[in-house]
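In: Return a 3D structure for these sequence lines:
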Amino acid sequence: MATIKDVAAEAGLSVGTVSRILNNRGYISPKAREKVESAMRKLKYQPNEIARSLSQSNSSMVGIIIPMLFNPYFPTLLKYLEDELEARGMQPLLFVSDGDEEKEIRFLDKCKKNRVSGIILCSGNFKAVRLVDYSVPVVSIERMGLDGAISVVCDNYNGGKLAAGHLIEKGCKHLVMIAGDQDEAMPADGRVSGFEEKARENRIEAKVYHATKEMFHLQDYHTLVENVFDGNSSMDGLFCSSDVIAATAIQIASKHGIRVPEDLKVIGFDDTWYSASITPTLTTIRQPVKEMAMIAISSLEAAMKAGTFPSSTIKLDVSLVVREST
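Out: Numbers count the residues shown, from 1 in each chain. The predicted model follows:
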C-alpha cells in the first residue's frame, strides 16, 4: 500500500509539500498540485481521512449513525446519503448502533474525536444529549425534533390518512394497523394518528397494535402478526408501518388460507425495493428517501458554511403507490 512518502518521491516533492496539498494549506502552485494528483493516481494512493483530520480543524468526513443494515430502508437511505456526500467531496464515517443507547453516545463522542464536519442521526432519541456541545451541524432523519439539530421528516400523519382512505375506498370495513414501538416518541407515531383520524371520519372500526423495540431491532414480527390474525377474524384491511411488517403479514395470511387482496387488503410504508419484490406486490406509502437524503446533506452543507446550527424541521410529502396487495 502506497504511503505519503511514496507519493512525494514519485512527484519529486518533499513530504511536507505533499502534506500541504492534501490538507489544502497555504499557497500551492497548480504545477505541484498536478504532480501530486498524478502520482496519487499512478500509485492508487488514498489519503487516510482520520489521520488528516488530526491536523485540521475539521475533516471532510460526516458521521452517520444508523440503527441497522438489514431493514431495506436503512441501506437505501445510506446509499443516497453516500451519493450526496461524494458529490460534495465528503466521505461518510458510518456507525451502526443496533439500538444500543450507550453505543450511540459513544459514536457521537467518536465523531467529535475524529473531527467530523457534521453528523447525520438516523438512530436513537438523543433528547438527553446537548448536540450543540459537539460544535458541528447535526441533521436528524425521521427522529423527533432535537435541540440543535435540523430535522428532516416525511409527512407521517398524511401517510396514515392515505393508507386508511385507500382501504376504505376499496370497501374495507374492519381496519387494523400494526404500528411501531410506542415506548419512545417518534415522527412515525403520526402514521397512527392519521390512520385513526381517517377511520373516525368515515365511522369505520379501526384497531391499532404496537410492535416492541426488540421486534424492531430483530426485524421479527411473526408473533405479533400471528396474534393480530388470531384476534381479528373479520379484519379485511391491514396497514403496516413498514414494508417488512406488511411482507410478514402477507406470508402469514397465505399460511392461514387468507387470500390477498381478495379476503384481505394490505398496505405497507416506505416503498423500498422490497415492496415490488414480494408476491403479491405490495401497495405502500412512498417515503421520499432520496429527496430526504438530498435535503439532509444540502442542509448540513449550508450549516457548515454559515457556521450556525439552528434547530428546524423540514417535512416532505408522501404518496400512495398502488400494487397488487390492494
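
In: how about the strands in this structure?
Out: In the chain, the strands defined using DSSP state E lie at 61-66, 91-96, 118-121, 138-141, 150-154, 174-179, 205-210, 237-240, 265-270, 283-286, 312-316, 319-321.

In: now for those strands, which one comes closest to Pro75?
Out: Pro75 lies closest, by Cβ to Cβ, to one member of those: strand 61-66, at 8.9 Å. Using the backbone N, CA and C atoms, a C-beta is placed for each residue, glycine as well.

In: Can you list the neighbours in contact with the closest one?
Out: Contact with strand 61-66 is made by 49-50, 53, 74, 77-78, 81, 85, 90-97, 104, 107-108, 110-111, 114, 116-124, 297, 300, as judged by Cβ atoms under 8 Å, 6 or more residues apart in numbering.

In: ok, of these, which come out buried?
Out: 49, 53, 74, 77-78, 81, 85, 90-97, 104, 107-108, 111, 114, 116-124, 297, 300 (16 or more other Cβ atoms under 10 Å).

In: Could you dump the strands of the chain into TSV with distance to Arg259 added?
Out: Putting the strands of the chain into TSV (distance: least, Cβ to Cβ, whole Å) gives the following:
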stretch	distance to Arg259
strand 61-66	37
strand 91-96	38
strand 118-121	42
strand 138-141	37
strand 150-154	31
strand 174-179	16
strand 205-210	21
strand 237-240	13
strand 265-270	10
strand 283-286	15
strand 312-316	35
strand 319-321	21
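
In: so Met235 sits right up against Val176, yeah?
Out: Yes. Taking Cβ atoms under 8 Å as the definition, Met235 is a contact partner of Val176 at 4.9 Å.

In: overlap in contacts of those two?
Out: Taking Cβ under 8 Å, 6+ apart as the criterion, Met235 and Val176 both touch Val228.

In: Compare these two (neighbour count), which wins?
Out: Val176 (25 against 21; other Cβ atoms under 10 Å).

In: What separation do you get for that one and Ser242?
Out: As judged by Cβ to Cβ, to the nearest Å, Val176 and Ser242 stand 15 Å apart.

In: likewise Pro261?
Out: In this view, Pro261 and Ser242 are 19 Å apart by Cβ to Cβ.

In: ditto for Ser117
Out: According to Cβ to Cβ, Ser117 and Ser242 sit 32 Å apart.

In: pretty sure Leu264 is touching Ile258, no?
Out: Yes. Counting by Cβ under 8 Å, Leu264 touches Ile258, with 5.2 Å between them.

In: Show me which of those two is the more surrounded one.
Out: Neighbour totals were compared for Leu264 and Ile258, and Leu264 leads with 23 against 18 (other Cβ under 10 Å).

In: and the residue lying closest to Val228 once chain neighbours are set aside, how far is that from Gln251?
Out: Computed as Cβ to Cβ, 6 or more residues apart in numbering, the closest residue to Val228 that is not its neighbour in sequence is Tyr209, at 5.5 Å. To Gln251, Tyr209 is 17 Å away according to Cβ to Cβ.

In: again with Asp189
Out: 26 Å.

In: out of the two, which sits in the more crowded spot?
Out: For the pair Asp189 and Gln251, the greater number of neighbours falls to Asp189 (19 against 14), based on other Cβ under 10 Å.
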